[in-house]
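> Return atomic coordinates for the entry below.
(2 chains)
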Amino acid sequence: MSGPGTSLAHTDDAGSDGPGHDSGAFHATLKGYLTGLLLAAVLTVIPFWLVMGKVLSSSGATITIILTLAVAQIVVHVIYFLHMNTKSERGWSFLALIFTLVLVVIALAGSLWVMYHLNENMKPVSAQQMRNMP
Amino acid sequence: MAELTAALSQSVPPGATAGARFYERDYHPEHPTMLGFWLYLMSDTLVFACLFACYGVLGHSYAGGPAGADVFDLPILAINTTLLLLSSITYGFAVLQIQQNRRDGTLFWLAITGLLGAGFVGIELYEFAQLISEGNGPQRSAFLSSFFALVSTHGLHVSFGIVWLVTLMVQVAQRGLIEANKRRLLCLSMFWHFLDLVWIGVFTFVYLMGVLP
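Sure, this is the predicted structure:
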């Protein structure tokens, strides 16, 4: 059972699972595209309605909701239109996606965080405030 | 196969079990184009992430000029977003035709996709022209500089996508749905859906959040 021949045969079996490995050809279906379109349309209409109809009085709540919906719609696009899953290309494309997302979060959150604090700390100081400084 | 087996059994370190060797082998796909193109899209994501970060930092530096609420036209944005989403789904229909080896159906849906994309770029150019004619060009304020940089980079991507799409339509018309053309069409499909994905970020982060008080 543990001979080299059996382990190689097992390797070949494991390599042929799931659609879209190696050849890169995924199997798209009409149902998949229509599901994606429906979800994307709903997730687009809601934020436009919230902003154009001025539904919520609080800007903060609106921003939180539309950003959440945008992230949800991006996930929908990745799954239904880009046919991304954890198994395609034996996981390498998913790994690249995760790595990219980490870099994107660092670049976005880091820039906003650093520049916000820079602006806060570099505000012009009046003579009165200067006198009270430690 | 026999030589490979022999070569493998020689490389087993003493004490290792035979089954463990497989997991140390590198991944060499037969057709690496799709994975390579995916990696290109990921690097393009980083380009857009930098532009988004730029806009996030500079988006409220109006320099006494107009704010987002003064210059953004949401009904036009809604039309543009619809055009791009529809072009994404029509490219999906083209992919379905490619899978069934229907050349004419593929060309038909590619043409529709190209027209929708051209409509998107046309409306965006109209919006830009209007902004610039009102004196609100990219040199007006840091907000408008970062806005133009981000949105026009996306628009350029769509424009080059249309050039690529027309090229592939000529290729398919001349040589049919050969294996190489199918691979190119699937790469373009990823590119096209990716641009729609970036647009989600643009209309949410730039336009909708820009007009909120």
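> And the next helix or strand past the longest helix along chain B?
In chain B, ranked by residue count with DSSP state H as the criterion, the top helix is helix B:142-175. Following the chain from helix B:142-175 toward its C-terminal end, the next helix or strand by DSSP states H and E is helix B:179-201.
> and stretch B:74-86, which residues are buried?
Judged by neighbour count using 16 or more other C-beta atoms under 10 Å in any protein chain shown, the buried positions of stretch B:74-86 are B:Leu74, B:Leu77, B:Ala78, B:Asn80, B:Thr81, B:Thr82, B:Leu83, B:Leu84, B:Leu85, B:Leu86. Glycine gets a C-beta too; all of them are placed from N, C-alpha and C.
> Next, format those as CSV and append distance to chain A.
As requested, the buried residues of stretch B:74-86 are arranged in CSV below (distance: C-beta to the nearest C-beta, whole Å):
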residue, distance to chain A
B:Leu74, 5
B:Leu77, 8
B:Ala78, 6
B:Asn80, 11
B:Thr81, 6
B:Thr82, 8
B:Leu83, 12
B:Leu84, 10
B:Leu85, 6
B:Leu86, 8
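> mind listing which of those are in helices?
Going by DSSP H, the helices hold B:Leu74, B:Leu77, B:Ala78, B:Asn80, B:Thr81, B:Thr82, B:Leu83, B:Leu84, B:Leu85, B:Leu86 from those.
> which stretches of chain A form helices?
In chain A, the segments counted as helices under DSSP H are A:4-15, A:30-52, A:59-76, A:92-121, A:127-131.
> Specify the local secondary structure of B:His31.
In three-state terms, and counting by DSSP: H, G, I helix; E, B strand; the rest coil, B:His31 is coil.
> burial count for it?
13 (other C-beta atoms under 10 Å in any protein chain shown).
> Look up phi and psi at residue 133.
Going with chain A. Here the main-chain torsion angles of A:Met133 (degrees, to the nearest 10) amount to phi -70, psi 150.
> Equivalent analysis for B:Gly176, please.
Comment: the main-chain dihedrals of B:Gly176 come out as phi 80, psi -170, following degrees, to the nearest 10.
> these two touch, right, it and B:Thr106?
No - the criterion here is C-beta atoms under 8 Å, and B:Gly176 misses it with B:Thr106 at 9.7 Å.
> The longest helix of chain B vs chain A: in contact?
No - using C-beta under 8 Å from any C-beta of the partner chain, we find that helix B:142-175 stays clear of chain A, coming within 11.6 Å at best.
> Packing partners of that helix?
When contacts are defined as 3 or more C-beta pairs under 8 Å, 6 or more residues apart in numbering or on different chains; DSSP states H and E, helix B:142-175 sits against helix B:33-58, helix B:103-133, helix B:179-201.
> re the thing from before, which of the helices of chain A sits closest to B:Leu186?
Put simply, out of those the one that sits nearest B:Leu186 is helix A:92-121, at 13.2 Å, with distance taken as C-beta to C-beta.
> tell me the mean pLDDT over the closest one?
Confidence for helix A:92-121, expressed as mean pLDDT, is 92.
> Fine by me, thanks again.
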